[in-house]
Structure formats: C-alpha cells, structure tokens
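[1] predicted model follows, preceded by the sequence.
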Amino acid sequence: MLRVENLTVNYGAINALKGITINVPEKSIITLIGANGAGKTTTLRAISSVVKSAGGSRIYYEDKDITNLPPHKIVEMGLCQVPEGRLIFANLTVKENLDMGAYLRKDKQNLKNDLDFIFNIFPRLKERIKQPGGTLSGGEQQMLAISRALMSKPKLLLLDEPSLGIAPILVRTIFEKIVEINKSLGTTILLVEQNAHFALSVANFGYVLETGNIILEGPAKELEANPEVRKAYLGEA
C-alpha cells in the first residue's frame with residue numbers, strides 16, 4: 001500500500017533522514033521504533049508532505065507517486081496522520097473536533113455509522129461529547145485525536161507517539177484500540193513509537209531507526225526477541 005524509497009530529509013545542514021526505505025503492506029500494522037531524534041516523526045511528516053523530502057526520494061501510495069504532493073491532497077487520497085502531541089482543537093467540543101475530521105468527506109450520509117463505531121470503541125468520548133477538547137485528560141485527548149483522524153475515513157493511518165504523555169493505565173487501552181481499528185475497519189497503520197514493548201507487541205513488522213538510518217528490520221516478534229533491541233529499547237541488560 002505504501003512504499004517509501006530512499007527517503008532523505010534535510011533541515012538546513014542537518015541530515016535528518018539518510019535514504020531510508022520502508023514498506024507498509026495493506027491491512028498491516030507496521031512500527032517504526034527508535035530513540036528521540038532518530039528521525040521517526042520526520043519520516044511521518046515527509047510521508048504526509050508536511051516537510052519536503054530531498055531529491056531522489058520517492059513515496060508511493062497505492063502505486064501513485066505522492067512525493068511532495070500538497071498535504072490536503074494526500075488526506076483526500078485516504079492517508080491521515082495523528083500528530084505527536086495530539087494537536088486537537090482545545091476550544092472546540094469533542095463533537096466539533098470529530099466534525100472537523102470529516103470536513104473533506106463527500107459521503108456525509110455515512111457519518112452516523114462512523115460516529116457509532118468511534119463511541120463504541122471510545123465510550124468516554126460519547127460521555128464528553130459536549131466538553132471542550134482542552135478539558136479532557138491526556139489519554140482522552142489521544143482518543144479524540146485518533147477518532148478525529150478516523151472520521152476522515154482513512155485507508156492508511158499514521159500514528160505518531162500515541163503513548164506520549166498518557167497515564168500508564170491508559171497506554172494499554174490505546175494500543176488495544178489500535179489493534180481493534182486495524183482488525184474491524186481493515187485500516188492499515190504505520191505506528192511511530194518510543195514504547196518499543198507495546199509497539200512490537202501489536203505490530204506485524206518493525207523497523208529500528210537510529211540517527212536517520214534503518215539499522216534493523218524484521219517481523220515484530222523477531223525484533224522483540226533480538227538481544228540488541230531488548231538491551232537498547234526494552235530496558236534489559
């Protein structure tokens with residue numbers, strides 16, 4: 001579904017990504033793990049065309065070259081990103097945030113079914129439907145950010161650090177819901193995450209990114225058992 005080839009991104013003199021290649025098959029959960037500053041968020045931002053990739057980079061989505069397309073065109077094609085830090089509209093209600101997610105949709109008659117699905121997997125949002133987004137807890141805001149993206153009816157969902165700033169008790173819930181979205185809706189997911197334990201536990205395949213390079217890749221279970229990964233990212237000596 002998504003193929004990233006030789007992706008290179010520069011911030012002035014800083015070479016943030018150094019020609020990485022990633023493959024995201026349809027209906028899979030693929031994870032990209034690594035430390036702070038490894039280039040994980042830059043990868044998602046380049047796919048979404050929020051930052052421009054350098055010459056020689058190619059990004060293919062459903063066999064179409066989307067390299068450096070305008071971001072709104074990429075969303076229209078069914079590719080949506082949930083950004084790091086959630087970035088919900090704090091002054092808008094939960095319902096208004098969800099409506100914003102559906103802004104580009106033409107099939108307005110199906111919105112109720114999608115809202116019903118969201119309120120089924122995230123019942124807290126239904127309870128808080130009239131509350132401003134800024135009054136929600138960190139975990140509830142993450143639920144809202146994911147749900148807002150789902151309202152755009154994405155085929156491919158890019159999730160950037162969904163566990164960041166969330167109480168530990170809710171982290172497990174968020175990852176369980178990510179799996180449910182993948183299985184129930186058939187939504188393909190590219191997951192960027194520092195919490196390697198949770199990321200590898202839900203993913204089919206993973207990539208380890210370090211200072212702008214892919215240093216390891218393989219089935220998630222194999223990476224989880226890899227001594228280097230266990231030492232560097234799972235906190236084992």
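    Thanks, I have the structure now.
[2] how about low-confidence regions in the protein?
    Judged by pLDDT under 70, the chain has its weakly predicted residues at 236-237.
[3] can you show me the helices along it?
    According to DSSP state H, the chain carries its helices in the segments 40-47, 71-76, 94-101, 111-121, 123-127, 138-150, 168-185, 196-202, 220-225, 227-233.
[4] who touches the fifth one?
    Residues lying outside helix 123-127 but in contact with it, judged by Cβ atoms under 8 Å, 6 or more residues apart in numbering, are Val94, Leu98, Ile118, Phe119, Glu140, Met143, Leu144, Ser147. Bear in mind the C-beta positions are built from the backbone N, C-alpha and C, glycine included.
[5] identify the residues contacting the residue nearest the centre of the chain.
    For the chain, Leu159 is the residue whose C-alpha lies nearest the centre (Cα atoms, centre = their mean; 1.2 Å). Shown in contact with Leu159 (Cβ under 8 Å, 6+ apart): Gln81, Val82, Ile146, Ile178, Ile189, Leu190, Leu191, Val192, Glu193.
[6] circling back to that earlier point, reformat the contacts of helix 123-127 as CSV; add distance to Ile169 and neighbour count.
    Below are the contacts of helix 123-127 laid out as CSV (distance: Cβ to Cβ, whole Å; neighbours: other Cβ atoms under 10 Å):
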residue, distance to Ile169, neighbour count
Val94, 21, 27
Leu98, 24, 23
Ile118, 21, 22
Phe119, 21, 16
Glu140, 13, 22
Met143, 14, 28
Leu144, 18, 26
Ser147, 19, 25
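[7] isn't Leu190 up against Leu156?
    Yes. Assessed by Cβ atoms under 8 Å, Leu190 is found in contact with Leu156 at 6.9 Å.
[8] Thr135: how many residues sit nearby?
    If you count neighbours by other Cβ atoms under 10 Å, Thr135 ends up with 12.
[9] likewise for Leu32?
    27.
[10] list the contacts of the closest residue to Asn110 other than its chain neighbours.
    Nearest residue to Asn110 in three dimensions, chain neighbours excluded: Lys153, at 8.0 Å (Cβ to Cβ, 6 or more residues apart in numbering). With contacts defined as Cβ under 8 Å, 6+ apart, the neighbours of Lys153 are Gly78, Ala102, Arg105, Asp107, Asn110, Asp114.
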